[in-house]
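Enquirer: Dropping a prediction and its sequence here:
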Amino acid sequence: MTASHPAVDGDWLVPDWPAPAGVRACFTGRGRSAVDGASAPPWAHLNLGDHVGDAPVAVAANRARLGAAIGARPVFLNQVHGTAVLTLAPDSADGATADAAATRAPRLACTVMVADCLPVLLTDRQGAVVAAAHAGWRGLAGGVLEQVLKYFQPFAPVQEAPTAINIEANEVLAWLGPCIGPTAFEVGPEVRAVFLSTDAGADRCFAAQPGGKFLADLPALARRRLAALGVTRVYGNDGSLPWCTVSQPARYHSYRRDERAQGGSGRMAACIWRV
């Protein structure tokens, strides 16, 4: 299975990466029919976001469907495009404000919702820690990956991340899920300036457009961030068209594509858990 063609199990993606046997992960699709989810248009069908105007009963049914399918409890966050990381415990409730989650506990799924932003799933070669990060451009530039990697020593002292254990950088595996692709993600010069202020080489991730705008390659920017932290075992989204949420309306929700055109957009989920 090549990186340019996501592995598919039904309408969901299953990461094609060398994660240890005790780690599972998935990325939900939008659902291609009412059989796949309970949401009506414009959120049809498998919408997992409870903040997008969809009927609460439909969202609850969809979330229950996800939990039953993976055999673990997905913990949903109140995502704000920030950098906070929630340490999941058996009593963790949905709705905590954070943009990443990490845990060593089994059968708790670190879960991030996306509809164009980049989901990043992480574990180590022993499967001792699993983590998920919501990495839109704001979170990526702000350091959400740096914060979540504090749960994998030696990125930070243990007291800064209660679940941290001693794992070398080259033992960490990362999988990048679908997101808005480099042919669709138009941004202003201020976004480019934010990335170039800390990484001049990030210039290659931006293609100039008429009118002073740029097309940004979000997965390439994430790979640069991870490489700078010593994480080189990175799989999944390579920026090619099959990974682009905007370009695959039958498979993916997309906020940028659907919010104005259809009056709403659902949310998908990237989950990782220990069995």
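Expert: Structure received.
Enquirer: In three-state terms, label Leu173 for me.
Expert: Applying DSSP: H, G, I helix; E, B strand; the rest coil to Leu173 yields a three-state assignment of strand.
Enquirer: for it, what are its contacts?
Expert: Leu173 makes contact with 17-19, 122-125, 233-235, according to C-beta atoms under 8 Å, 6 or more residues apart in numbering. All C-beta atoms are positioned from the backbone trio N, CA, C, and that covers glycine.
Enquirer: tell me what the longest helix seen in the chain is packed against?
Expert: Counting residues, the longest helix in the chain under DSSP state H turns out to be helix 56-70. Applying 3 or more C-beta pairs under 8 Å, 6 or more residues apart in numbering; DSSP states H and E, we find helix 56-70 packed against strand 73-75, strand 268-274.
Enquirer: which of those is buried the deepest?
Expert: strand 268-274 (a mean of 27; mean count of other C-beta atoms under 10 Å).
Enquirer: now stretch 143-160: mean pLDDT?
Expert: Mean per-residue pLDDT for stretch 143-160: 71.
Enquirer: for stretch 259-271, same thing?
Expert: Throughout stretch 259-271, pLDDT has a mean value of 96.
Enquirer: Kindly export it (C-alpha atoms) in PDB.
Expert: C-alpha atoms of stretch 259-271 as PDB (Å, rounded to 0.1, in the frame of the first residue of the first chain):
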ATOM      1  CA  GLU A 259     -20.000  25.300   5.100                       C
ATOM      2  CA  ARG A 260     -21.100  28.100   2.800                       C
ATOM      3  CA  ALA A 261     -22.200  26.100  -0.200                       C
ATOM      4  CA  GLN A 262     -24.400  23.700   1.700                       C
ATOM      5  CA  GLY A 263     -25.000  25.500   5.000                       C
ATOM      6  CA  GLY A 264     -23.100  23.200   7.200                       C
ATOM      7  CA  SER A 265     -20.300  20.600   7.400                       C
ATOM      8  CA  GLY A 266     -19.900  17.500   9.500                       C
ATOM      9  CA  ARG A 267     -16.900  16.300  11.400                       C
ATOM     10  CA  MET A 268     -14.800  13.200  11.000                       C
ATOM     11  CA  ALA A 269     -12.700  11.600  13.700                       C
ATOM     12  CA  ALA A 270      -9.200  10.200  13.900                       C
ATOM     13  CA  CYS A 271      -8.800   7.700  16.800                       C
END
